[in-house]
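*Asks:* The sequence and its predicted three-dimensional model are supplied below.
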Amino acid sequence: MRISPFHSPLRGIALEEVWHDHDDCPVARSIAPPDRVPGIAPSRKRCPYCALLDQPPPRPPQHLVSLRRR
Ligand SMILES: [Zn+2]
């Protein structure tokens with residue numbers, strides 16, 4: 001689920017300093033709520049895991065959908 005962006009003085013399990021906006025992110029989950037600072041850190045990149053979780057779930061390719069209707 002999408003949450004308000006936050007960053008932290010602690011890196012959690014991330015390899016670099018990033019900010020998060022997804023509560024399913026394993027890195028975000030490794031940072032305890034008291035250690036979270038609300039907002040985007042301009043000097044940091046968005047977490048790649050949060051970006052990945054933001055993608056819509058993949059749909060089956062169209063040619064497979066039409067085969068199923070026959
Ligand atoms: Zn994240």
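*Replies:* Ah, there it is.
*Asks:* all helices of the chain, in order?
*Replies:* Here the chain has its helices, by DSSP state H, at 26-29, 48-53, 62-69.
*Asks:* Report the buried residues of the first one.
*Replies:* Read it as helix 26-29. V27, A28 (16 or more other C-beta atoms under 10 Å). All C-beta spots, glycine's among them, are computed from the backbone N, C-alpha and C.
*Asks:* neighbouring contacts of that helix?
*Replies:* F6, G12, I13, A14, V18, H20, H22, D23, C47, Y49, C50 (C-beta atoms under 8 Å, 6 or more residues apart in numbering).
*Asks:* Can you tell me which of those end up in strands?
*Replies:* Using DSSP state E, the members of the contacts of helix 26-29 that fall in strands are F6, V18, H20, H22.
*Asks:* so which of those is the most crowded?
*Replies:* Of all these, H20 has the most neighbours under the rule other C-beta atoms under 10 Å, reaching 27 neighbours.
*Asks:* Give the closest residue to that one in space, chain neighbours not counted.
*Replies:* Spatial nearest neighbour of H20, excluding adjacent residues (C-beta to C-beta, 6 or more residues apart in numbering): A28 at 3.9 Å.
*Asks:* Could you list the low-pLDDT ranges of the protein?
*Replies:* 67-70 (pLDDT under 70).
*Asks:* For the residue nearest to the spatial centre of the chain, which residues are in contact?
*Replies:* Taking C-alpha atoms, centre = their mean, the centroid of the chain lies closest to C50, which sits 1.2 Å from it. By C-beta under 8 Å, 6+ apart, C50 lies in contact with V18, H20, D21, H22, C25, A28.
*Asks:* Could you measure from the third one over to the ion?
*Replies:* So the one you mean is D21. In this structure, D21 and the ion are 7 Å apart, going by C-beta to the ion, to the nearest Å.
*Asks:* closest to M1 out of the helices of the chain?
*Replies:* The minimum distance between M1 and the helices of the chain falls on helix 48-53, with 9.0 Å, by C-beta to C-beta.
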